[in-house]
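Undergrad: Structure, please.
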Amino acid sequence: MYPNIPVYLIRVDGHAALANTKALEMAGIFAGMEVQGGRVVAHGDKCTGLLIDNAMEPIKNILPEKDPEFLAQALQRAQQECLRHGLTSVQDAGLKDYQLAALKTAKASGSLPIRVNAMISATANGLYSLLEEGPYISDDLTIRSVKVYGDGALGSRGAALLEPYSDDPENSGLLMFTEDSLLALAKACDAAGFQVCVHAIGDAANRQVLDVYEQVLQGANNKRWRIEHCQIIHPDDMSRFGSLSVLPSVQTTHATSDMFWADERLGQERIKTAYPYKELMLQNGVLVNGTDFPVEQISPMLTFFSAVARTNTAMQPFGGFQMENALDRIAALRSMTIWPAYASFEEDKKGSIEVGKFADLIILDADIMSVRLPEVPRIKVLATMIGGQWLYGTEWLYEY
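TA: I've put the predicted structure just below:
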């Protein structure tokens with residue numbers, strides 16, 4: 001099918017892709033190709049077309065550049081979707097140079113109403129030039145962080161594990177960096193005044209990141225470096241989040257999306273160390289909780305619900321999934337408001353409704369703190385305000 005047209009299909013989590021022969025040829029990908037932090041899946045001496053993690057990079061590098069007008073329109077559509085779901089601020093992780101430029105253009109033209117904390121991708125063109133420019137900080141657009149991928153995803157068996165996958169005994173996943181190269185990158189970010197945020201899902205990846213952070217941070221600090229996802233933590237490493245002041249940044253919907261199959265990957269014992277959100281929160285008294293959209297759904301109601309109920313919306317499994325790590329409603333609310341603001345050094349400006357802070361707030365059709373738990377996913381956003389201006393739901397407001 002389409003032998004003369006390159007076809008490249010990316011898995012929803014961005015950690016695997018399927019390419020046809022034409023695309024593989026154009027990118028110079030072949031069976032047996034060795035890739036640090038990636039895998040070209042082959043059958044004998046032929047590529048299957050399945051690419052895992054860094055093996056996708058050769059194709060990414062030859063993709064056509066996005067048209068600036070297309071990016072501007074996409075950004076406006078994305079903001080409207082955020083407003084409709086009650087998001088007043090977003091943390092957009094892993095942006096390339098052209099995406100950062102699109103955000104700056106939108107800000108300059110007054111078309112960036114949502115507050116954005118943009119993280120530079122560690123694979124962005126001109127990364128070190130961007131670091132030399134230093135952090136960019138304003139009320140509506142902040143660029144002071146670097147997003148790094150430490151390993152792959154659990155679903156595609158790219159998350160780096162200390163022991164092999166239970167359903168793939170020859171595979172322990174993929175580390176994207178050697179420890180030395182990750183350390184060099186972390187030191188460069190630190191010297192330039194940038195926060196480091198590393199994606200780490202498997203216990204081996206989390207350990208490698210903590211080892212690197214320990215060499216740079218050297219104990220308690222206020223740099224607020226983060227580990228994104230933190231899905232599988234070896235018990236020996238849990239306390240290091242506290243001793244190094246590392247912030248766990250999670251997406252509680254990952255637990256409820258993965259809970260029916262994760263034990264196949266991890267086995268009955270290792271699954272007990274997975275998705276330990278409450279235990280992570282107790283290390284520093286902070287847990288950052290987001291949607292990971294578009295990997296998961298954009299709705300913050302589902303994020304809140306998954307943190308507290310640890311079930312799907314049908315309330316399965318009965319009694320919840322590993323409920324010792326469920327959050328109460330107060331902690332769940334903080335994990336989506338004041339704690340993410342703290343993680344982006346903005347707790348003095350937003351994250352709570354207080355005198356002197358931004359008037360960023362939403363109106364819901366039910367009280368998320370008291371409504372019956374099964375009803376939380378059905379709560380609707382009636383109106384969204386940013387900076388004292390109603391940007392969504394004005395028709396509803398005029399009815400009153």
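Undergrad: So Cys189 sits against Pro135, correct?
TA: No. Applying CB atoms under 8 Å as the test, Cys189 and Pro135 come out as separate, 10.6 Å apart. Backbone N, C-alpha and C define where each C-beta goes, glycine included.
Undergrad: More neighbours: the two, which one.
TA: The neighbour comparison of Cys189 against Pro135 (other CB atoms under 10 Å) goes to Cys189, with 23 against 14.
Undergrad: Show the contacting residues for the more buried one.
TA: Listed by CB atoms under 8 Å, 6 or more residues apart in numbering, the contact partners of Cys189 are 131, 146, 195-196.
Undergrad: For those residues, pick the one with the most neighbours.
TA: Among the contacts of Cys189, the one with the most neighbours (other CB under 10 Å) is Val196, at 28 neighbours.
Undergrad: give the contact list for that residue.
TA: Each residue near Val196 by CB under 8 Å, 6+ apart is listed here: 145-146, 148, 186, 189-190, 213, 225-226.
Undergrad: mind running it again at 7 Å?
TA: Contacts for Val196 were tallied using CB atoms under 7 Å, 6 or more residues apart in numbering; they are 146, 148, 186, 189, 225.
Undergrad: what about it, which helix or strand?
TA: Element membership for Val196, per DSSP states H and E: strand 195-200.
Undergrad: And Ile29, by the same measure?
TA: Applying DSSP H and E as the criterion places Ile29 outside every helix and strand.
Undergrad: Let me see the backbone angles for the nearest residue to it once chain neighbours are set aside.
TA: In space, and not counting its chain neighbours, Ile29 is closest to Pro58: 5.5 Å by CB to CB, 6 or more residues apart in numbering. Phi and psi for Pro58, reported as degrees, to the nearest 10, are phi -60, psi -30.
Undergrad: for Ala343, same thing?
TA: With angles defined as degrees, to the nearest 10, Ala343 sits at phi -70, psi -20.
Undergrad: dump the residue contacts of it.
TA: Contacts of Ala343 (CB under 7 Å, 6+ apart): 224, 226, 247, 249, 288.
Undergrad: so how far is Thr337 from it?
TA: Ala343 sits at a distance of 11 Å from Thr337 (criterion: CB to CB, to the nearest Å).
Undergrad: before we move on, what about Ala108?
TA: For Ala108, the distance to Thr337 equals 29 Å [CB to CB].
Undergrad: Among these two, which residue is more densely surrounded?
TA: Thr337 (20 against 10).
Undergrad: on that earlier part again, and the residue nearest to Ile29, how many neighbours?
TA: 20.
Undergrad: so what's it up against?
TA: 27-29.
Undergrad: quick check, nearest of those to Leu361?
TA: Relative to Leu361, the closest of these is Ala27; by CB to CB it sits at 47.0 Å.
Undergrad: mind listing what that closest one touches?
TA: Residues near Ala27 by CB under 7 Å, 6+ apart: 58-59, 62.
Undergrad: returning to what we had before: so which of the contacts of Val196 sit within helices?
TA: Cross-referencing those against helices under DSSP state H gives 186, 189.
Undergrad: can the contacts of Val196 go into JSON lines with extra columns for pLDDT?
TA: Below are those laid out as JSON lines (pLDDT from 0 to 100):
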{"residue": "Val146", "pLDDT": "98"}
{"residue": "Val148", "pLDDT": "98"}
{"residue": "Ala186", "pLDDT": "98"}
{"residue": "Cys189", "pLDDT": "98"}
{"residue": "Trp225", "pLDDT": "99"}
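Undergrad: follow-up on the earlier one: right, and out of the contacts of Ala27, which lies closest to Ala102?
TA: Nearest to Ala102 among the contacts of Ala27, counting by CB to CB, is Ile62 at 20.8 Å.
Undergrad: For the closest one, what are phi and psi?
TA: Torsion angles, degrees, to the nearest 10, at Ile62: phi -110, psi 10.
Undergrad: and Ser370, which of the three is it?
TA: On the three-state scheme (DSSP: H, G, I helix; E, B strand; the rest coil), Ser370 is labelled coil.
Undergrad: Quick check: next helix or strand after the longest helix along the chain?
TA: In the chain, taking DSSP H as the definition, the longest helix is helix 68-84. Counting by DSSP H and E, the next helix or strand C-terminal to helix 68-84 is strand 89-95.
Undergrad: list the helices and strands that next one packs on?
TA: Strand 89-95 sits against strand 115-121, with contacts defined as 3 or more CB pairs under 7 Å, 6 or more residues apart in numbering; DSSP states H and E.
Undergrad: The strand it packs on pairs with which strands?
TA: strand 89-95 (parallel), strand 141-149 (parallel) (DSSP bridges).
Undergrad: Return the list of helices and strands in contact with the next helix or strand after it.
TA: Of the helices and strands lying after strand 115-121 in sequence (DSSP H and E), the nearest is helix 127-133. The contact analysis (3+ CB pairs under 7 Å, 6+ apart) places helix 127-133 against helix 179-191.
Undergrad: Tell me the buried residues in the helix it packs on?
TA: 182-183, 185-186, 188-190 (16 or more other CB atoms under 10 Å).
Undergrad: want to throw those residues into a markdown table with distance to Lys104?
TA: Formatted as a markdown table, the buried residues of helix 179-191 follow (distance: CB to CB, whole Å):
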| residue | distance to Lys104 |
| --- | --- |
| Leu182 | 28 |
| Leu183 | 30 |
| Leu185 | 24 |
| Ala186 | 26 |
| Ala188 | 22 |
| Cys189 | 20 |
| Asp190 | 24 |
